[in-house]
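A.B. asks: Would you be able to build a 3D model of this:
(2 chains)
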Amino acid sequence: MSNIIQQLINGIILGSVYALLALGYTMVYGIIKLINFAHGDVYMLGAYFGYFFIQVLHLNFFIALVLSMAVSALLGMLIEFVAYRPLRHSPRIAVLISALGVSFLLENGMSYFYGSDKKAFPQAIRTIQYHIGSLQISNIQLLIISTAITLMILLTIIVQKTKMGRAMRAVSADQEAAILMGIDVNRTISFTFAIGSALAAAGGVLIGLYYNNIDPLMGMTPGIKAFVAAVLGGIGLIPGAALGGWLIGILETMTQAIGLSDYKDAVVYAILIIILLFKPTGILGKNKREKV
Amino acid sequence: MTQLLTVNNLSVNYGAIKAVQGVSLSVNRGEIVTLIGANGAGKSTILRTIAGLEKVASGLITFENQGFNRMPSDKRVQNGVVLVPEGRRVFPGMTVQENLQLGAFSVKDKHQVHAAFDTVYEQFPILKARLNQDAATLSGGEQQMLAIGRALMANPKMILLDEPSMGLAPLYIQKIFDIIENIRNRGVTVLVIEQNAAQALRIADRGYVIESGKIIATDTGEALLVSDDVKRAYLGSDVLIK
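C.D. replies: The predicted structure follows:
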């Protein structure tokens, strides 16, 4: 029993990182109907920025986290500006292929310039294990979940309460009507990429600290899992991304716990297939016909 | 009277289709002007082009002596031109209040936004009663009021209305026309497209008759209302009886 609870805890921690990533997928999908396949690579770059700020500039972990988020936000805006905006009026498939191209560019670019080997992520915070009965949890794990929840609360406030958040929702709901309100749609999309990329970077830095190493391909699998999480929760829905992230995290650790470690990724993909077959709108999604 | 909006020899294409061909029209400050014509005549396209949603193929749009041709839509809203689109297009999943706040997106001054809220509440008490309700749950007539209220939140100098009475219950249709006159009496200039042409001409100072992307007649509302050609071609026989 305590083993199950322990795995549940580990799952929630891992799921928090998936959730941070899934939020970016879902927001970008919500606003321009694009599955941003480069999103996992922004997470990877976020981790590298964190590595740079801590290892090279010897900054405090939290300052490094915030700076990495800020730089990644700019990077996200740049990617959107260079690779997606010129294709705004092209068929969706063109933008999708462009996203794949950006993904390969970032992965191979990083391998080329910094080597494809794993780098040890500096242990900026000394790990302390806490024992509660037979359960254990580390300060790093607590840091991951509290950072994730704090960022989700901040995101909710931005989306629900600010003028820019209202503009984001308006553009997702009806782009043309949003234009008629005097909303600058390009700026709003840019802002969405900035927020999504900052969240991904936070996930990357936290996972670097948690697993102690980073590499140029570290974003691939978590990227796809976070995408599955976003679809599972209901793509385009912010609470759905958080829910999906946690569910995928829990499911993955549970699969490992019952001795099927080799199949943990397969289970996630099997879930994607099952959702797409039976409830493509996801757990929180309403079955609604897409407006033409 | 001073000219507020001038459209000079405007052409607009949808791919190979020439939707608007050399249309010239003008709207003076404080006027209600209506465009009438059959479905597909190009009326909506003219309004959408003035709002910046369609590209000008040739011709010139000027508002208060400013060239509008290359100005992005959001800047046109800041300059005081707001389109209430066909089919209302309120934001579903957002409350009435949020929809109104979005209407004031281009207004920087908070006091102005508050004042605009007061004006809209006064004009549309029903919206105040439904402030926290999802806009998608309003009736068609209420949604149209929200769409017009939302446009007024931007403190426009000119409001463009695309088929405001379409699909509404008869009770609401009359209300919408009262509202249009009311808007003008507050000093906002109105350019309106209506399938309900007879009623539109009754409240309009002037009207233009559009056919296949061209203007074929223009006169005062009253004159067009009694013009036999217009009646036969656009108003339908049932209107003749009224």
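A.B. asks: and the residue of the stretch 101-250 of chain A found nearest chain B, how many neighbours does it have?
C.D. replies: At 3.3 Å from chain B, residue A:182 is the closest residue in the stretch 101-250 of chain A, using Cβ to the nearest Cβ. To be clear about C-beta, it is placed using only N, CA and C from the backbone, and glycine gets the same treatment. By other Cβ atoms under 10 Å in any protein chain shown, 23 other residues sit near residue A:182.
A.B. asks: Surely it touches residue B:156?
C.D. replies: No: using Cβ atoms under 8 Å, residue A:182 is not in contact with residue B:156, being 10.1 Å away.
A.B. asks: Quickly list what's touching both of these two.
C.D. replies: B:77, B:82 (Cβ atoms under 8 Å, 6 or more residues apart in numbering or on different chains).
A.B. asks: picking that back up, check whether the residue of the stretch 101-250 of chain A closest to chain B sits in a helix, strand or coil.
C.D. replies: coil (DSSP: H, G, I helix; E, B strand; the rest coil).
A.B. asks: Okay, the residue nearest in space to the middle of chain B and residue B:205: tell me how far apart.
C.D. replies: Geometric centre of chain B, nearest residue: residue B:161, 1.5 Å, by Cα atoms, centre = their mean. Separation of residue B:161 from residue B:205 (Cβ to Cβ, to the nearest Å): 15 Å.
A.B. asks: With residue B:195 instead?
C.D. replies: Distance from residue B:195 to residue B:205, by Cβ to Cβ: 20 Å.
A.B. asks: And for residue A:250?
C.D. replies: Look at residue A:250 and residue B:205: by Cβ to Cβ, they are 67 Å apart.
A.B. asks: Repeat that for residue A:116.
C.D. replies: Separation of residue A:116 from residue B:205 (Cβ to Cβ): 73 Å.
A.B. asks: Looking only at neighbour counts, state which of these two leads.
C.D. replies: Applying other Cβ under 10 Å to residue A:116 and residue B:205 shows that residue B:205 carries more neighbours, namely 17 against 12.
A.B. asks: Buried residues, the helix or strand harbouring residue A:142. List them.
C.D. replies: For residue A:142, the element it lies in under DSSP states H and E is helix A:139-161. By neighbour count on 16 or more other Cβ atoms under 10 Å in any protein chain shown, the buried set for helix A:139-161 is A:140, A:141, A:143, A:144, A:145, A:147, A:148, A:151, A:152, A:155, A:159.
A.B. asks: Can you add pLDDT and give those residues back as a markdown table?
C.D. replies: Compiled in a markdown table, these are given as follows (pLDDT from 0 to 100):
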| residue | pLDDT |
| --- | --- |
| A:140 | 95 |
| A:141 | 95 |
| A:143 | 96 |
| A:144 | 96 |
| A:145 | 96 |
| A:147 | 97 |
| A:148 | 96 |
| A:151 | 97 |
| A:152 | 95 |
| A:155 | 96 |
| A:159 | 95 |
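A.B. asks: Check which residues of stretch A:263-276 are buried.
C.D. replies: A:264, A:268, A:271, A:272, A:275.
A.B. asks: pLDDT weak spots in the chain?
C.D. replies: This is for chain A. Counting by pLDDT under 70, the ranges of chain A that qualify are A:287-292.
A.B. asks: Oops, wrong one, chain B.
C.D. replies: Checking chain B against pLDDT under 70 turns up B:1, B:229, B:232-242.
A.B. asks: which bits of it sit near chain A?
C.D. replies: When proximity is defined by Cβ under 8 Å from any Cβ of the partner chain, chain B lies next to chain A at B:51-53, B:72-74, B:77-78, B:82-83, B:85, B:89-94, B:98, B:101-103, B:105-106, B:150, B:154.
A.B. asks: Could I have the buried ones of those residues as PyMOL selection syntax?
C.D. replies: Those of those that count as buried under 16+ other Cβ under 10 Å are selected in PyMOL with:
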select buried, chain B and resi 51+52+53+73+74+77+78+82+83+85+89+90+91+94+98+101+102+103+105+106+150+154
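A.B. asks: Just to be careful, could you list which of the residues of chain B next to chain A are in strands?
C.D. replies: B:82, B:83 (DSSP state E).
A.B. asks: tell me the SS of the closest residue to residue A:76 other than its chain neighbours?
C.D. replies: Nearest residue to residue A:76, sequence neighbours excluded (Cβ to Cβ, 6 or more residues apart in numbering or on different chains): residue A:197, at 2.7 Å. Assigned with three-state DSSP, residue A:197 falls in the helix class.
A.B. asks: what sits against the closest residue to residue B:2 other than its chain neighbours?
C.D. replies: Using Cβ to Cβ, 6+ apart and skipping residues adjacent in sequence, the residue nearest residue B:2 is residue B:29, 5.1 Å away. Contacts for residue B:29 (Cβ under 8 Å, 6+ apart) come out as B:1, B:2, B:3, B:4, B:157, B:189.
A.B. asks: which of those lies closest to chain A?
C.D. replies: Distance to chain A across the contacts of residue B:29 (Cβ to the nearest Cβ) is lowest for residue B:157, with 13.5 Å.
A.B. asks: in the sheet, who's paired with the residue nearest to the centre of chain B?
C.D. replies: For residue B:161, the beta-bridge partners are residue B:84, residue B:192 (DSSP bridges).
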